[in-house]
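Trainee: Here is a sequence together with a model predicted from it:
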Amino acid sequence: MKEKITKLIEHAKQAVAQCEIVSQINDAKVKFLGKNGELTALLKGMKDVPADQKPEIGKFVNHARDVIGELLENKSKELAAKELEAKMKKESLDITLDSGETKRGSLHPCTLVQNQIIDIFTGLGFKIAQGPEIELDFFNFQALNIPKDHPARDMQDTFYVGDEMLLRTHTSPVQVRTMTNQQPPIRIICPGKVYRPDDDATHSPMFQQIEGLVVDEHITLCDLKGILEKFAQELFDENTKTRLRPSYFPFTEPSVEVDVTCSVCHGKGCRICKGTGWIEILGAGIVNPKVLDNCGIDSTKYTGFAFGLGIERIAMIKYGIPDMRILFDNDVRFLKEFK
Amino acid sequence: MKVSLNWLKDFVDINVSLDELCEKLVSAGFEVEEIIEQGKNFRNVKLGKIEQITKHPDADKLQICQINVGLEENVQIVTGANNIKEGDLVPVALHDSLLPTGQVIKKGKLRGVDSFGMLCSGEELMLTEADYAGAGVYGILIMNKEKFPVGTDIVEVLGYDDVILDIGVTANRSDCNSVLGIAREVSTVLKTPLKMPNFEYKVEDFDTKDFVGVEVQNSELCPRYMAEVVKDIKIVPSAELIQKRLKAVGLRPINNIVDITNYVLIEIGQPMHAFDLAFLDDSKIVVRNARDEKIVALDNNEYTLDNSILAICDSNKPCAVAGIMGGSNSCINENTKDIVFESAKFLRDNIRRSSRKLNLRSDSSFRFERGIDFESQAMGMKRALALISQYGYGKIARSWVDEKCVDLSEQTIQVTTDKINSILGIEVPAQTMVDILNSLQIKTTLDGNVLTCVQPSFRDDIENANDLAEEIIRLYGYDHINCTLMDNSHQTIGGKTQAQKNVDILKEIAVAKGYNEILTYSFTSPKAFDVLRMEENDPLRKSVRILNPLGEDMSVMRTTLSYSMLNALAKNYLKSIKSARLFEVSHVYLPTDDMTVQPEERNMLVFGMYGEGADYYAIKSMVEVVAQKFGLNVDYVRANISYMHSGRTADIMVGEKKLGYVGEVHPLVSASLDVKDRMYLCELDLEVLNEVADYSYKFQEIAKYPPVERDIAVVLDESVLAADILRAVEKGGGNMLCDKYIFDIYRNPLAIGQDKKSVAIKLIFRLADRTLTEDEVNGKINRILTKLSQEFGATLR
């Protein structure tokens, strides 16, 4: 009996080893362990086994069932895994093929620059102030210490829409409107569209500015330089240096032009900076006390600084765009270069 | 302002290199825009004498010249020119020479004959008739009058030994629109003394007032008028130095008298004029407002002078537009014998207005517009007379007429050194402040920490502590300024308003959905309204007009973003770009009835698309996403917009408020833009969006009981709108119906009839507190079907 069983196990081992697909395992299971299977058939011979050997043989039969069951189980798992593997292999995709889903669009390079600048200054406690583009002469010029027929008006040719109304030439009127409505401390930046009648490779009749204004106690020219240097380091890179040069704006005194070390050549001199190592990026200065007085802010108590820069110009420097008109061309191929 | 370095050296010693000088000027606030070194672009061009001319053996049109250029042997040059003869003095470009045109001349062979250079024409040397007499002639430049020995470098012959600096003078520094003004700054930055020009002259025994009467009728516009008579003038060309300097700064020499007025203008900054006394009726000068009179100015154009314009007249007629340009009726000519010099101050604003009104500008008007100080009239006059005297051009009256109405009291400013330092944020030593201000001729004394400063007449821009702080720091040096971060001021909270954040959100949605942001001009063509097929009375035709536009196509402020978007789409389409999805956020400008009130500016968002994947529902999906983000319940109402497809356009309503419109562009509009694809537009009013947006979120418990899903399909008329169907379904479904949507529409005239559609609707029922029974659901479905049948005659399919 024992021999038969051992043989059966051997037999089963061979049969299982020969199985190649899961269904063959099932057949083998029926063949060896099924109701009419071979083990069951062997058990029928138990009645002939002497009584004293029955427990031992019984144990051995159970052992045989376990061994064969395990054999089948293991082989079944192995084959299932193989089959799944084969199935997945068959289902293999060209994982490099494009999704065909709508592609992400893009923000205009000017918006990218503007967003970056706004992020820097809102982080420094600046609010964003906005105001009308069709502006009164008073806010655009007179309140900023540029009376009618003043030579400083030559600095900003102007589109007029009426005797006292014009397209703002800078976002400075927003500063005036803020200062007339709010007492210090004031920290604002004013992004927006401005207009001047120029049209060439470096001028557009409409362009975008960001101006900044701080009015508080104890504000100095050193604060202006410090804030603008931090700003330039965020905008370009951390090694950027700034340089102040005297200039003239009617609404600031002292007035300066601010140069930064060229972000392309890092001050060595290249085509972008015309070999000087420096790029002029903005105009700035200490707010003229006359402007504070015009806006109802006590110029004996408060000082302030203001600065302004052109978004298009910064975008041209940052992205190496040679002609300002490209920015207004709205060619999809150009727009898609940005993200 | 162009400044000759040689001229500058008359008034200040320059003890540094040119580069250093320019650097110092820049750091003092005077940008050096260009440095023009005269003669720099010439190399190896000499004065030569043609010793012998022979025919070229093989070319009729060529001649072989033997040229003496001061070397032991003559130089052989072949030329095609025929205006030369033996003995002529000519400019010779030798082997390896450089001409200002950039041309390099090398030796070569012309038809087999060696030629060791080139004879030059005026044009090849970039000379005009004004630079050198005869330079305009076609052919070789003949220089037979030259006294220089042969072989002299042409740069020396032409007198090109100067450097011209083009200096940017800011609008506040009117005192620096002159050589003397720049010299004053240079003397300050170089710490070398300023030398004043020669003002000495010899007078004769007569008085100006006996030969000309001066009457200033408008002393407000003309606060000072000086006149001086010079008699027995001989009109000749100016001395060489004067001609050379005028040419160097771009002025054409005319004659000795006119040149002196220009010379003084450049040197002292005082505009002057000279009248021919013989042409002044009754020998009178009357300074008065014009009376709609005509004058032919020195530019030979006729101008009509209205009452706002100040004129210099005789007893009958205007003889000059004050401060701007003289009249041709009294100008200096070759027969002029006696003259009157005018040196006046005219009101800045009036000259600026008049010059713009007449569209007439001059070196004189430029300086008056910037401002001329009260002391410069006498200085200019004296300098002009000194030049007359120096060159012996005429007899000078011993006294002048000086009509003035001036307050010449000194302005003093008192300020503490602490105040200056509090503006700068650094400690500048008090004595340094005093020294700097004094070097600028701002007379300054120090008492304790108080600076007392006297404003010089030429610096009326210095009025307060900030002005003084600027003078001090620009000479002390901006490199002394440190970097600090507002350490002593208040903390503030920065950030964006909700409306500003909304723009960011919308742009991010647009980009995620594949749209590219565009940037277009705020002004557009008035023809836009016609392209958009707007009726004459369309409110959007009412727009703000620019009075001085760059062109008609940029002359009105837009009232809709649609036209710019359509143009951007069309522009891409016409470049054969297959599809585009674009968006823009910008203002439109809606004028009010009262034109003195600022127009309303509304922030708008426009989407536009054509090409692959573009259809009504694709663009409508943008509205759906926006509505979802901002918590809006949106209704779509069939819209009638002149530039949109009448069957495929909806107004987007949030309650009673119109948020915008969405749809397909009118085929005629596309056609007029040459676009053959269908284009789609959506314009949203962000002011409305900001008003109706609902930012609140509230937790809602997730339903515990299972939903019951049913599908129904009903047949109804094609014209019934989905929104109306769903509204009826909702009414029928009551509170048990928790969701519903249309998932299929089927059209087949044979199966379901002409102009009919079968609409398949998903119905999802659920209650929060218990499981629904089959009967309950069936009851609701019957009610829904009844509603659909009652409202639209719908039948169950």
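Mentor: Arrived safely. Note that the coordinates shown come from a computational prediction; the quantities given were computed from them, not determined experimentally.

Trainee: Any idea how many residues pack against B:Val597?
Mentor: One way to gauge burial is a neighbour count; for B:Val597, by other Cβ atoms under 10 Å in any protein chain shown, it gives 11. Quick note: C-beta positions are derived from backbone N, CA and C, even for glycine.

Trainee: Can you tell me the SS state at it?
Mentor: The three-state assignment at B:Val597 reads coil, by DSSP: H, G, I helix; E, B strand; the rest coil.

Trainee: so what pLDDT did it get?
Mentor: In this model, B:Val597 is scored at 90, pLDDT.

Trainee: got it, and B:Asp407?
Mentor: Reading off the per-residue confidence, B:Asp407 sits at a pLDDT of 69.

Trainee: Going C-terminal from the longest strand anywhere in chain B, what's the next secondary structure element?
Mentor: Under DSSP state E, the strand in chain B containing the largest number of residues is strand B:43-55. Under the assignment DSSP states H and E, the closest C-terminal helix or strand after strand B:43-55 is strand B:63-68.

Trainee: Could I get the CA-only coordinates of that next one as CSV?
Mentor: Included here for strand B:63-68 are C-alpha records, laid out as CSV according to Å, rounded to 0.1, in the frame of the first residue of the first chain:
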residue,chain,number,x,y,z
GLN,B,63,45.0,108.3,-66.6
ILE,B,64,48.3,107.5,-64.9
CYS,B,65,49.3,110.2,-62.3
GLN,B,66,52.6,110.7,-60.7
ILE,B,67,51.9,112.1,-57.3
ASN,B,68,54.2,114.0,-54.9
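
Trainee: Please identify the buried residues of the longest strand of chain B?
Mentor: B:Arg43, B:Asn44, B:Val45, B:Lys46, B:Leu47, B:Gly48, B:Lys49, B:Ile50 (16 or more other Cβ atoms under 10 Å in any protein chain shown).

Trainee: for stretch A:213-227, same thing?
Mentor: Residues of stretch A:213-227 classed as buried by neighbour count (16+ other Cβ under 10 Å): A:213-216, A:219-227.

Trainee: With adjacent residues omitted, what lies nearest to the closest residue to chain B within the stretch 151-300 of chain A?
Mentor: When distances are taken as Cβ to the nearest Cβ, the stretch 151-300 of chain A approaches chain B most closely through A:Thr220, which lies 2.7 Å from it. Of all residues not flanking A:Thr220 in the chain, B:Gly425 sits nearest, at 2.7 Å (Cβ to Cβ, 6 or more residues apart in numbering or on different chains).

Trainee: Quick check on the one you found: phi, psi?
Mentor: In terms of degrees, to the nearest 10, the main-chain angles of B:Gly425 are phi 80, psi 10.

Trainee: need the contact list for it.
Mentor: With contact taken as Cβ atoms under 8 Å, 6 or more residues apart in numbering or on different chains, B:Gly425 is in contact with A:Thr220, A:Leu221, A:Cys222, A:Asp223, B:Ile481, B:Asn482, B:Thr484.

Trainee: okay, the helix or strand that A:Leu244 is a member of in PDB with CA atoms only?
Mentor: When secondary structure is defined using DSSP H and E, the element that contains A:Leu244 is strand A:242-249. Extracted C-alpha coordinates of strand A:242-249, given in PDB (Å, rounded to 0.1, in the frame of the first residue of the first chain):
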ATOM      1  CA  THR A 242      23.300  97.100  -8.500                       C
ATOM      2  CA  ARG A 243      24.800 100.500  -9.200                       C
ATOM      3  CA  LEU A 244      23.100 103.900  -8.900                       C
ATOM      4  CA  ARG A 245      23.700 106.700 -11.300                       C
ATOM      5  CA  PRO A 246      22.300 110.200 -11.000                       C
ATOM      6  CA  SER A 247      19.400 111.100 -13.200                       C
ATOM      7  CA  TYR A 248      16.300 113.300 -13.200                       C
ATOM      8  CA  PHE A 249      12.600 112.600 -12.700                       C
END
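
Trainee: touching chain B at all, the helix or strand following it?
Mentor: Towards the C-terminus, the helix or strand next in line after strand A:242-249, according to DSSP H and E, is strand A:252-261. Yes - contact between strand A:252-261 and chain B is present through A:Glu253, A:Pro254, A:Ser255, A:Val256 (criterion: Cβ under 8 Å from any Cβ of the partner chain).

Trainee: For the first one, give me its contacts.
Mentor: Shown in contact with A:Glu253 (Cβ under 8 Å, 6+ apart): A:Gly285, A:Ile286, A:Asn288, A:Pro289, B:Asn464, B:Asn466, B:Asp467, B:Ala469, B:Glu470.

Trainee: from the residues you listed, which is closest to B:Met679?
Mentor: Distance ranking of these against B:Met679, using Cβ to Cβ, places A:Gly285 first at 48.0 Å.

Trainee: re earlier: which of the buried residues of strand B:43-55 lies at the shortest distance from B:Val92?
Mentor: For B:Val92, the closest of the buried residues of strand B:43-55 turns out to be B:Gly48, at 3.7 Å, with distances computed as Cβ to Cβ.

Trainee: pLDDT value on the closest one, please?
Mentor: Per-residue confidence for B:Gly48 comes out at a pLDDT of 94.

Trainee: tell me the contacts of it?
Mentor: For B:Gly48, the residues meeting the contact criterion (Cβ under 8 Å, 6+ apart) are B:Ile67, B:Asn68, B:Val69, B:Val75, B:Leu89, B:Val90, B:Pro91, B:Val92, B:Leu119, B:Val150, B:Gly151.

Trainee: The same query, at a cut-off of 7 Å, please.
Mentor: The neighbourhood of B:Gly48, defined by Cβ atoms under 7 Å, 6 or more residues apart in numbering or on different chains, consists of B:Ile67, B:Asn68, B:Val69, B:Val90, B:Val92, B:Val150.

Trainee: Nearest to A:Glu10 among those?
Mentor: The shortest distance between A:Glu10 and any of the contacts of B:Gly48, using Cβ to Cβ, involves B:Val92 and amounts to 118.3 Å.

Trainee: can I assume that closest one is in contact with B:Leu119?
Mentor: Yes - B:Val92 is in contact with B:Leu119 according to Cβ atoms under 7 Å; the separation is 6.0 Å.

Trainee: who has more neighbours, the two?
Mentor: For B:Val92 versus B:Leu119, the count of surrounding residues by other Cβ under 10 Å is larger for B:Val92: 29 against 25.

Trainee: so how far is B:Thr152 from that one?
Mentor: Using Cβ to Cβ, to the nearest Å, one gets 11 Å for the distance from B:Val92 to B:Thr152.

Trainee: shared neighbours of these two, which are they?
Mentor: Contacts common to B:Val92 and B:Thr152, judged by Cβ under 7 Å, 6+ apart, are B:Lys46.

Trainee: follow-up on the earlier one: and which of the contacts of A:Glu253 is nearest to B:Asp282?
Mentor: Comparing the contacts of A:Glu253 against B:Asp282 with Cβ to Cβ picks out B:Asp467 as the nearest, at 47.3 Å.

Trainee: ok, that closest one - how many residues close by?
Mentor: B:Asp467: 22 surrounding residues under other Cβ under 10 Å.

Trainee: need the strands for the stretch 201-350 of chain B, in chain order.
Mentor: B:213-216, B:224-231, B:272-276, B:284-289, B:293-296, B:302-305, B:310-313, B:318-321, B:325-326, B:339-345 (DSSP state E, counting those that start in this stretch).

Trainee: Which one of these lies nearest to chain A?
Mentor: Comparing the strands of the stretch 201-350 of chain B by their distance to chain A (Cβ to the nearest Cβ), the top pick is strand B:310-313, with 13.8 Å.

Trainee: Neighbouring strands of that closest one in the sheet, and parallel or not?
Mentor: Strand partners for strand B:310-313, identified by DSSP bridges, are recorded as strand B:284-289 (antiparallel), strand B:318-321 (antiparallel).
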